[in-house]
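Chemist: Sequence plus predicted model, see below.
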There are 2 protein chains.
Amino acid sequence: MIQKILIAEDYETVNLSIQKTLEELHISSPDYVYYCDDALLRIEKALQANASYDLLITDLHFEEDHRQQKISGGEALIAAARNIQPDLKILVFSATGKPATIEALFQKEDIDGYVYKGRNDARELKLALEQIAANRRYFPQQFVQQQKQKNTYELDEFDITILSLMADGKRQQEISAYLKKNNIKPSGLSSIEKRLNTIKDALDCSTNEQLIAHCVKMRII
Amino acid sequence: MIQKILIAEDYETVNLSIQKTLEELHISSPDYVYYCDDALLRIEKALQANASYDLLITDLHFEEDHRQQKISGGEALIAAARNIQPDLKILVFSATGKPATIEALFQKEDIDGYVYKGRNDARELKLALEQIAANRRYFPQQFVQQQKQKNTYELDEFDITILSLMADGKRQQEISAYLKKNNIKPSGLSSIEKRLNTIKDALDCSTNEQLIAHCVKMRII
DNA sequence: TGCCACTTTACGGTTTTCCGTAAAAAACAG
DNA sequence: CTGTTTTTTACGGAAAACCGTAAAGTGGCA
């Protein structure tokens, strides 16, 4: 049975609405935080007090503000939480997840549910909570559909580095020099060109400009 | 005094949380809808029944689904609502607004407030409601900041066209051809080059990629 | 060690972009 | 209408990006 719940969600209204949904399910008042670091602290303290949480409901994306955070976002929070409390149930509630990200969360982090923010998200949230309470996993419908049409080329760290430098105004030669200076393995100009071609092909972009626009929009960089 | 409120917001959780925020302000239970068409219908009926709404709280972006809608989004809804009830107060609650869009809403549609969805959005929502109840307008802080730091060079429609086409994968020659085809005045390749240089200079960008990244981040395009 | 598969790099030729200059066109005043 | 100013376009050389291919390097594996 799920009794003790922690909500990590920086959007105040969303945070409130999750609480309201829980109320309707007659789940006793959950704890809630607006920052990832606070979430982990709560989980740690609860463990030490021998009153650990049953469920963590968390967003993936958190806006940055004046408060410096050690944990950068939902994914890092999930990993950290799993590390200190392996039996914690985790429900991700987010609008931004890419199929590949969701898949990775289910496989690697063994999360228990994923709910897309959307028109009927409160109802979905209830369904997910019921499923999780019954020790079942909850996959969103959208996920099943998107599974089929996945042309998802997952960008690795190297790709992100190149794209970030490029979005930062660096020319390809400068990127090559930067990679050499930082001892990152493929650093030749040709490798950068080749990689960019691969990415553009995968993401169906014809120019660098379009690629950068796409990545910024998708919050890849 | 604000008594009768209509909420148009397709995200169920957000819709709920607005209701909760209104509860805390001791405002009697508002009406709420998930579709723009429904919103306009409600406003029309209330007018005919001589019990018109005092305030419309609406999102800008609505997800499309199986239900075909005449009104495409928040902006269209606002225009339509203004048309049939000029004295209706309007509060926009959205995460997606570009500065130019917000400015246009305040100037052309004469909206009464704009609140960004974000970390402290519930508190901002309360502030905005208080301001509007006092017949004052509520501008978001982010907007004021962005107003200040906006570089002397204001991008015009021509600039936006070029940047949008470029972010769409078009080459400069293709952009030139496009402009010619659509009878947009400066269409020469040189003019495009020159304009891009001016923009890059004004926004302190060294490459097209950096420029596009900046514009997408700043929601200019 | 030597062979093989694979990755990375180097190097030309082509296309695109960049940048300066000058000609052409348009806008404007007298 | 003429002369001036401003805007737009055209052009050519330099730099950067693009693209294919070949050489050099890397890591298994017998």
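Modeler: In hand now; what should we look at?

Chemist: Which residue ranges of chain A form helices?
Modeler: Counting by DSSP state H, chain A has helices at residues A:12-24, A:36-48, A:74-84, A:99-107, A:121-133, A:141-148, A:157-167, A:172-181, A:189-203, A:208-217.

Chemist: Report the inter-axis angle for the third one versus helix A:99-107.
Modeler: It stands for helix A:74-84. Angle of helix A:74-84 versus helix A:99-107, following axes from the mean of the first three to the mean of the last three C-alpha atoms, to 10 degrees, is 10 degrees.

Chemist: Need the helices of chain A in TSV (columns: mean neighbour count and distance to chain B).
Modeler: (Each C-beta comes from the backbone N, C-alpha and C, glycine too.) Formatted as TSV, the helices of chain A follow (neighbours: other C-beta atoms under 10 Å in any protein chain shown; distance: least, C-beta to the nearest C-beta, whole Å):
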stretch	mean neighbour count	distance to chain B
helix A:12-24	22	4
helix A:36-48	17	12
helix A:74-84	19	14
helix A:99-107	17	17
helix A:121-133	20	4
helix A:141-148	12	11
helix A:157-167	19	4
helix A:172-181	15	10
helix A:189-203	14	9
helix A:208-217	22	4
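
Chemist: of those, which approaches DNA strand D most closely?
Modeler: helix A:172-181 (3.7 Å; C-beta to the nearest atom of the strand).

Chemist: Report the angle between the closest one and helix A:208-217.
Modeler: If you take the same axes, to 10 degrees, helix A:172-181 sits at 60 degrees to helix A:208-217.

Chemist: is helix A:172-181 up against DNA strand D anywhere?
Modeler: Yes: Helix A:172-181 is in contact with DNA strand D by C-beta under 7 Å from any atom of the strand, via A:172-173.

Chemist: re the thing from before, between the helices of chain A, which one is nearest to A:Leu60?
Modeler: helix A:74-84 (3.6 Å; C-beta to C-beta).

Chemist: so what does that closest one touch, helix or strand wise?
Modeler: With contacts defined as 3 or more C-beta pairs under 8 Å, 6 or more residues apart in numbering or on different chains; DSSP states H and E, helix A:74-84 has these neighbours: helix A:36-48, strand A:55-58, strand A:89-94, helix A:99-107.

Chemist: C-alpha coordinates for that helix, CSV please?
Modeler: Extracted C-alpha coordinates of helix A:74-84, given in CSV (Å, rounded to 0.1, in the frame of the first residue of the first chain):
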residue,chain,number,x,y,z
GLY,A,74,14.7,14.5,-12.8
GLU,A,75,16.8,11.8,-14.3
ALA,A,76,19.7,12.6,-11.9
LEU,A,77,17.3,12.7,-9.0
ILE,A,78,15.9,9.3,-10.0
ALA,A,79,19.3,7.8,-10.2
ALA,A,80,20.4,9.2,-6.9
ALA,A,81,17.1,8.1,-5.2
ARG,A,82,17.4,4.6,-6.6
ASN,A,83,20.9,4.5,-5.2
ILE,A,84,20.0,5.1,-1.6
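
Chemist: That'll do, ta.
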